[in-house]
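In: please find the sequence and the predicted model below.
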Amino acid sequence: MPPGQVPEIFDQQLLRHRLRRAATGDIANDFLRQRIAEDIASRISLIKREFELCAVFGDKFAQLAEAVESLPNLDTLVSINSIAGNKTVSAHHMLVGGEERLPLANESINLAISPLTLQFANDLPGALIQLQRCLKPDGLFIGAFLGGDTLVELRDALLSAEVDIRGGATPRIHSRVDIRDLGTLLQRAGFALPVVDSDRMTVTYRSTLHLMHDLRALGLTNILAQGANSSLNRRILGRLEEIYHDRYPAADSRIRATFEIIYLTGWAPHESQQKPLKPGSAKTRMADVFKTQEISLANQPND
């Protein structure tokens, strides 16, 4: 691979195909996006400032657009979709693009919201840098990722099923970014006052087929560049059902599935923001706080 070239982890053409399919998909209860929409809207409502121009990224996220449009501290909403002609949101303006190829000028918006879109970026650090640059000083970024515990049951059962039937497994559910790494990435991208927190939810399904139906309708099926086209035959699916029900049962003969949602917030730097104190400027010793003896390391022998 040439120096500076970003490795292709996710097949972006396949991703757009899956999103088009999901845009017309049927899901009885889009619980995941609804939960994220309510949580993000609640976070914004608690901020005592006005956001003149907000950009919402992502396809099929009408819940979020509707939730934030009604907030009193948000004026104009722009929807940025990867699929041209997507009319699933009620934004005032619509653009085609994404976080890796922003159709926005530097310092042009006050608020950027990225729900479940950055997790498919091949160049996540670069995408965060672009987002930080498009924010006006003291502008806010809010993002939502699926965390490492998402679908941990499905990953385990599917791996075991393929090993049992085929003697080996194909990558199907991509690894998630660690919550500790996301805070570091926000800082590297130039965001001030970064905060990362997580929310876990457990839902139940009648079968693995019902779970996979929802994942398909949500646009969250496999788009890994390697192994994305390897199909599951009936023997593997049958074994998957057996293992899943055996290891992760729920009440009424159902199965459980975990979703972890990681939220990221960061601000474009501004001189009015609170700054960390300089080293050595503290007026109270930690030894006094914890009522213990201070041990100096100045004269300690080297290891």
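Out: Arrived safely.
In: just checking, which helix or strand of this structure averages the lowest pLDDT?
Out: The weakest-scoring helix or strand in the chain, judged by mean pLDDT, DSSP states H and E, is helix 286-289 (a mean of 59).
In: how about stretch 115-127: buried residues?
Out: Residues of stretch 115-127 classed as buried by neighbour count (16 or more other C-beta atoms under 10 Å): Pro115, Leu116, Thr117, Leu118, Gln119, Phe120, Ala121, Leu124, Ala127. Where C-beta positions appear, they are placed from N, C-alpha and C, glycine not excepted.
In: among these, which are in strands?
Out: The strands, defined by DSSP state E, take in Pro115 from these.
In: and the buried residues of stretch 115-127, which two are furthest apart?
Out: Greatest spatial distance among the buried residues of stretch 115-127 (C-beta to C-beta): Pro115 and Leu124, at 15.3 Å.
In: and Pro269, what does it touch?
Out: Pro137, Asp138, Gly190, Phe191, Ala192 (C-beta atoms under 8 Å, 6 or more residues apart in numbering).
In: distance to Thr265, neighbour count and secondary structure for the residues you listed - can I get that in a markdown table?
Out: Below are the contacts of Pro269 laid out as a markdown table (distance: C-beta to C-beta, whole Å; neighbours: other C-beta atoms under 10 Å; DSSP: H, G, I helix; E, B strand; the rest coil):
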| residue | distance to Thr265 | neighbour count | secondary structure |
| --- | --- | --- | --- |
| Pro137 | 16 | 14 | strand |
| Asp138 | 13 | 15 | strand |
| Gly190 | 14 | 15 | coil |
| Phe191 | 9 | 24 | coil |
| Ala192 | 11 | 17 | strand |
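In: save the residues you listed as JSON lines, and put in distance to Ser42 too.
Out: Shown next, in JSON lines, are the contacts of Pro269 (distance: C-beta to C-beta, whole Å):
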{"residue": "Pro137", "distance to Ser42": "25"}
{"residue": "Asp138", "distance to Ser42": "21"}
{"residue": "Gly190", "distance to Ser42": "26"}
{"residue": "Phe191", "distance to Ser42": "21"}
{"residue": "Ala192", "distance to Ser42": "22"}
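In: tell me which of those residues is nearest to Met201?
Out: Phe191 (26.5 Å).
In: bridged to Tyr205, which residues?
Out: According to DSSP bridges, the residues that bridge with Tyr205 are Ile255.
In: what count of nearby residues applies to it?
Out: Number of residues near Tyr205 (other C-beta atoms under 10 Å) recorded here: 17.
In: ok, it touching Ile255?
Out: Yes. Using C-beta atoms under 8 Å, Tyr205 is in contact with Ile255, at 5.5 Å.
In: which residues do these two both contact?
Out: By C-beta under 8 Å, 6+ apart, the residues touching both Tyr205 and Ile255 are Leu211.
In: could you list the low-pLDDT ranges of this structure?
Out: 1-29, 59-61, 83-92, 98-99, 171-176, 222-230, 275-303 (pLDDT under 70).
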